[in-house]
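K.L.:
Give the three-dimensional model of this entry:
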Amino acid sequence: MINFKQKVSCALTTLLLSIMMLCSTSTHVVAQSLIPAPLQMNRNQGLFLLNSNTKLYTNLKGEDKKLMEQYLQTLPYHFLKGKAIDDNCVLRLIVAPLSQTTNKEAYRLSVTPKRIEIQGNTGAGLFYGIQTLLQLSINTAGTDLNVPCVEVNDQPRFGYRGFMFDVSRHFFSKEFILKQIAALSYYKINVYHFHIVDTGGWRIEIKKYPNLTKMTAYRPEIDWNKWWEMHNVFCSKEDTRAYGGYYTQDDIREIVRYAAIHHVTVIPEIDMPGHSNEVLFAYPQLACVNRNSTNSGELCIGKEETFQFCENVLKEIIKLFPSKYIHIGGDEANRTVWSTCPLCQKRMKDENLKNVADLQNYFTCRIEKFLKAHGRTIIGWDEILDGDVTKDAVVMSWREEVEGGTQALKRGNHVIMSPTSHCYLDYYQDAPYSQPIGIGGYISVKQTYSFEPIPKGTTDESLVLGVQGNLWTEYVPTESHADYMAFPRMLAVAEVGWTRPSLKSYADFHQRALSAVDYLKSKGYHPFDLKNEIGPRPEAQQPINHLGVGKKITYLSPYNPDRRASGDNSLVDGILGDWNSNGDRWQGFPWNMDVVIDLNVPTDIHSITASFLQVVTAALYSPEKIQISVSDNGKDYTIIYDKDYQMNVKDRFVILPFGWTGNVRARYVRYHATRKVSWGNLITDEVIVE
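P.N.:
Take a look at the predicted model:
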């Protein structure tokens with residue numbers, strides 16, 4: 001109980017702080033670190049002082065009340081017990097229907113000098129109101145907070161706002177996972193997609209199959225590339241070289257419970273039928289005929305034992321994770337393995353399946369049926385669209401080049417948008433030469449922020465569940481590196497998922513993100529320091545003019561349709577590539593680039609050059625041979641440049657120009673670049689003729 005002296009002290013302090021804030025009534029000032037931006041906010045005069053004299057009253061009941069109590073215990077603030085009639089120095093958390101929305105995550109936050117009240121349709125709404133309250137507040141001394149007087153009415157645009165974290169390629173401690181969840185929920189991310197198994201190691205205890213963790217949770221090499229060269233072998237925990245780890249079922253229960261307290265749903269991903277090298281290492285009988293973990297990552301679909309294994313694993317997963325959704329991966333399976341397996345071929349014959357894509361669909365549909373029988377809904381990467389999954393299946397769209405999200409929407413499936421073009425957090429977020437190693441191209445905070453999850457022409461927008469950022473960890477071995485890659489880009493994902501497009505402004509977000517980076521640092525995280533951002537490649541910011549711009553180009557060898565850039569004119573459009581290898585600037589060729597540019601008339605030429613983007617981690621390599629030739633009639637060519645090169649694999653990310661200078665007169669220019677090896681892509685942005 002608060003005595004009269006305490007009441008007077010609280011009132012006087014509040015009055016004094018209100019007077020101090022009379023000149024600070026700008027909404028922008030108040031919201032300078034609020035992420036995501038709310039639907040509506042009005043700033044009023046004055047402050048509420050939240051301190052040890054503040055009472056707390058809530059009408060939450062049952063499990064919701066328990067979750068709130070447990071969450072409040074994670075905060076450094078302590079409240080006195082309040083009553084329903086309290087109206088002074090009180091924080092009120094009230095579940096009651098909001099007048100303008102039934103959204104379960106909506107809330108209304110009202111702060112006056114006397115009290116704070118958060119109202120929500122559910123406990124989730126109250127939780128998000130508290131996050132807004134904490135972000136708006138200013139620490140004074142100790143655990144005291146100055147809370148500006150505001151009226152906030154807010155609700156999310158999408159119900160799914162996710163973060164995927166890969167713990168298979170590199171293992172991360174339970175404590176780090178909990179720390180991630182705390183930060184994500186602070187910015188209203190509500191799904192933690194837990195990518196638990198995928199080639200690099202099996203990371204979860206399965207009682208029925210103890211060899212999964214006993215034999216494959218540890219490997220004898222930390223470095224991803226070196227381990228790959230060892231043909232993905234594993235070792236026991238006792239091995240002196242052992243690197244890795246796994247989560248016990250008790251660990252998983254703790255993670256799931258901690259996430260629930262923060263209103264985060266944990267969705268597990270057990271990748272199948274591909275990416276299963278560790279499964280085949282521990283249980284080789286699940287491989288196709290004449291295959292093993294060193295030459296295949298695919299489960300044998302021709303064996304009933306494979307389905308027994310998958311179902312038994314999923315039974316334990318279902319008991320551990322109460323989420324509506326279970327993710328089964330389904331991506332990047334090497335289907336040629338099944339085409340040479342007699343058992344898989346027999347399965348195809350028995351089930352009247354036309355090809356191996358249909359065989360994978362057979363597998364997916366059986367797993368979907370199993371999960372549905374256990375009250376769960378399947379999620380798969382967009383490769384599951386290759387078959388006839390039901391409309392109940394949720395598609396996670398990641399390949400923008402195949403427009404998986406659009407295809408799924410046309411079929412009536414719910415979709416979670418997570419394209420590589422905007423949402424892959426393992427890509428470089430600034431000029432690559434300034435960054436720790438990444439796996440592919442360049443996705444800046446601004447690029448992530450610019451993402452629009454609903455494709456143009458969508459007739460039923462409700463099918464788009466939301467958006468997700470993905471952090472794969474082949475080249476992210478440490479906790480600090482994981483922080484660095486995730487933040488602040490996950491803050492951009494949070495605002496894309498929560499805030500209506502009409503209320504978004506990157507310039508405004510950038511300022512708020514700068515403050516958020518400082519906040520994360522103060523809490524022991526290691527985000528990318530946005531204030532030091534270098535930005536886009538300077539050469540890519542302005543069009544260039546040269547003799548070949550707009551001229552007819554003939555492809556003697558086709559480009560990779562998955563790396564088509566802007567199509568047939570990409571190499572003569574006068575636009576150079578940015579740091580990113582994807583998108584509409586860089587065009588890719590499988591081992592052999594061979595093009596002819598028609599200058600229309602014989603022309604004096606002094607230089608012919610093309611630049612190639614080498615990203616070793618993404619299998620994009622510089623040429624091993626360049627040959628340039630010219631012709632007057634387009635038939636008879638004279639070689640003017642012929643040179644071999646040796647790739648330097650230490651140059652993990654570099655843009656290398658290759659070309660000729662001199663004097664020649666010709667109408668046709670042929671540029672031919674090749675590699676001897678039969679894998680990887682050559683990728684270039686422009687053939688410059690001057």
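K.L.:
Outline the domain layout of this protein.
P.N.:
If you go by automatic domain parsing, the domain ranges for the chain are 4-154, 165-532, 538-689.
K.L.:
could you dump the ones you listed to TSV with mean pLDDT and mean neighbour count?
P.N.:
Backbone N, C-alpha and C define where each C-beta goes, glycine included. Putting the domains of the chain into TSV (pLDDT from 0 to 100; neighbours: other CB atoms under 10 Å) gives the following:
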stretch	mean pLDDT	mean neighbour count
domain 4-154	85	17
domain 165-532	95	19
domain 538-689	93	17
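K.L.:
Confirm residue 608 sits in a helix?
P.N.:
No: counting by DSSP: H, G, I helix; E, B strand; the rest coil, one finds residue 608 to be strand, located in no helix.
K.L.:
Specify the beta-bridge partners of it.
P.N.:
Under DSSP bridges, the beta-bridge partners of residue 608 are residue 660, residue 689.
K.L.:
Residue 686 is in contact with that one, correct?
P.N.:
No: judged on CB atoms under 8 Å, residue 608 makes no contact with residue 686 at a distance of 11.3 Å.
K.L.:
which stretches of the stretch 51-200 of the chain form strands?
P.N.:
If you assign secondary structure with DSSP state E, counting those that start in this stretch, the strands in the stretch 51-200 of the chain sit at 55-58, 80-81, 90-95, 107-111, 115-120, 138-139, 145-154, 160-166, 191-197.
K.L.:
Kindly apply the preceding question to the stretch 501-650 of the chain instead.
P.N.:
Ranges of strands in the stretch 501-650 of the chain, per DSSP E, counting those that start in this stretch, are 552-555, 587-589, 592-615, 625-631, 637-644.
K.L.:
okay, those strands in TSV with distance to residue 374 next?
P.N.:
Output for the strands of the stretch 501-650 of the chain, formatted as TSV (distance: least, CB to CB, whole Å):
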stretch	distance to residue 374
strand 552-555	51
strand 587-589	42
strand 592-615	42
strand 625-631	56
strand 637-644	59
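K.L.:
Tell me which of the ones you listed sits nearest to residue 70.
P.N.:
Nearest of the strands of the stretch 501-650 of the chain to residue 70, taken as CB to CB: strand 592-615 at 44.9 Å.
K.L.:
Against residue 674, how distant is the residue nearest to residue 587 when sequence neighbours are not counted?
P.N.:
In this structure, residue 587 finds its nearest non-sequential neighbour in residue 565, 4.0 Å apart by CB to CB, 6 or more residues apart in numbering. Counting by CB to CB, to the nearest Å, the gap from residue 565 to residue 674 is 20 Å.
K.L.:
Assess the claim that residue 601 and residue 667 are in contact.
P.N.:
Yes: the pair residue 601 and residue 667 qualifies as a contact (CB under 8 Å) at a distance of 6.2 Å.
K.L.:
before we move on, back to that, of all the strands of the stretch 51-200 of the chain, which one is nearest residue 180?
P.N.:
Each of these was scored for nearness to residue 180 using CB to CB, and the closest is strand 160-166 (6.7 Å).
K.L.:
What strands line up against that closest one, and which way round?
P.N.:
strand 191-197 (parallel), strand 464-471 (parallel).
K.L.:
so what does the helix or strand following the longest one touch, helix or strand wise?
P.N.:
Right, strand 464-471. The element immediately downstream of strand 464-471 (helix or strand, assigned by DSSP states H and E) is helix 479-486. Based on contacts counted as 3 or more CB pairs under 8 Å, 6 or more residues apart in numbering; DSSP states H and E, the elements that helix 479-486 packs against are helix 174-186, strand 464-471.
K.L.:
is it possible to export those to JSON lines including distance to residue 370?
P.N.:
Supplementary listing: the helices and strands packed on helix 479-486 in JSON lines, determined by distance: least, CB to CB, whole Å:
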{"stretch": "helix 174-186", "distance to residue 370": "27"}
{"stretch": "strand 464-471", "distance to residue 370": "22"}
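K.L.:
for the ones you listed, which one sits closest to residue 483?
P.N.:
Within these, the stretch nearest residue 483 is helix 174-186; the backing value is 8.3 Å (CB to CB).
K.L.:
As a check, name the ranges of all strands in the stretch 351-500 of the chain.
P.N.:
Listed from the start of the chain, the stretch 351-500 of the chain has strands (DSSP E, counting those that start in this stretch) covering 377-381, 394-397, 414-417, 464-471.
K.L.:
With distance to residue 221 as extra columns, can I get those strands in JSON lines?
P.N.:
Rendered in JSON lines, the data for the strands of the stretch 351-500 of the chain read as follows (distance: least, CB to CB, whole Å):
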{"stretch": "strand 377-381", "distance to residue 221": "27"}
{"stretch": "strand 394-397", "distance to residue 221": "30"}
{"stretch": "strand 414-417", "distance to residue 221": "34"}
{"stretch": "strand 464-471", "distance to residue 221": "22"}
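K.L.:
okay, the strands paired with strand 160-166 in JSON lines with distance to residue 295 next?
P.N.:
Shown next, in JSON lines, are the strands paired with strand 160-166 (distance: least, CB to CB, whole Å):
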{"stretch": "strand 191-197", "distance to residue 295": "19"}
{"stretch": "strand 464-471", "distance to residue 295": "28"}
